[in-house]
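Participant: whatever this is, show me its structure:
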Amino acid sequence: QVQLVESGGGLVQVGGSLRLSCAVSGRTLSYNTMGWFRQSPGKEREFVAAIGWSGSFTHYADSVKGRFTISRDVAKNTVILQMNSLKAEDTGVYYCAGRYGVITTSKDDYRDWGQGTQVTVSS
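Facilitator: Alright, predicted model coming up:
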């Protein structure tokens, strides 16, 4: 059974940084694409960033461009989201997800999901 486990969330002040990690286990074939999404209370789950298998292709939501960096370690089956210059509006539960296919921004295209990790940015 596949498991995606996020870690690294927490409470940080505006302007601070956090590093989220997502470890994938139970799957011998690596996902082509790994993505990060987030959800705030009362809002839809929204796309944050995604990365292709080789790490050569990445895509970011406009709201996080220049502040967040996604990377992956294929050998360790782990994907990282480095978040810098955090803003209050970055607050939410962050989920990692995997899919077999090209990068997309739609949550409905992702097959498997982690349980999420809370990120709270205080002003």
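Participant: can you list contacts of stretch 100-118?
Facilitator: Outside stretch 100-118, the residues that touch it by C-beta atoms under 8 Å, 6 or more residues apart in numbering are 2-10, 20, 22, 29, 31-33, 35, 37, 39, 45, 47, 50-52, 57-59, 61, 92-99. Quick note: C-beta positions are derived from backbone N, CA and C, even for glycine.
Participant: all strands of this protein, in order?
Facilitator: Counting by DSSP state E, the chain has strands at residues 3-7, 10-13, 18-25, 33-39, 46-52, 58-60, 68-73, 78-83, 92-99, 112-113, 117-122.
Participant: sheet partners, orientation included, of the shortest one?
Facilitator: When pairing is defined by DSSP bridges, strand 112-113 lines up against strand 92-99 (antiparallel).
Participant: contacts for the strand it pairs with, please.
Facilitator: Applying C-beta under 8 Å, 6+ apart, the external contacts of strand 92-99 come out as 2, 4, 6, 9, 20, 22, 24, 31-40, 43, 45, 48, 79, 81, 107, 109-119.
Participant: and the closest residue to residue 70 other than its chain neighbours, bridged to which residues?
Facilitator: Closest residue in space to residue 70, ignoring its immediate chain neighbours: residue 49 at 4.1 Å, by C-beta to C-beta, 6 or more residues apart in numbering. Beta-bridge pairing for residue 49 (DSSP bridges): residue 36, residue 60.
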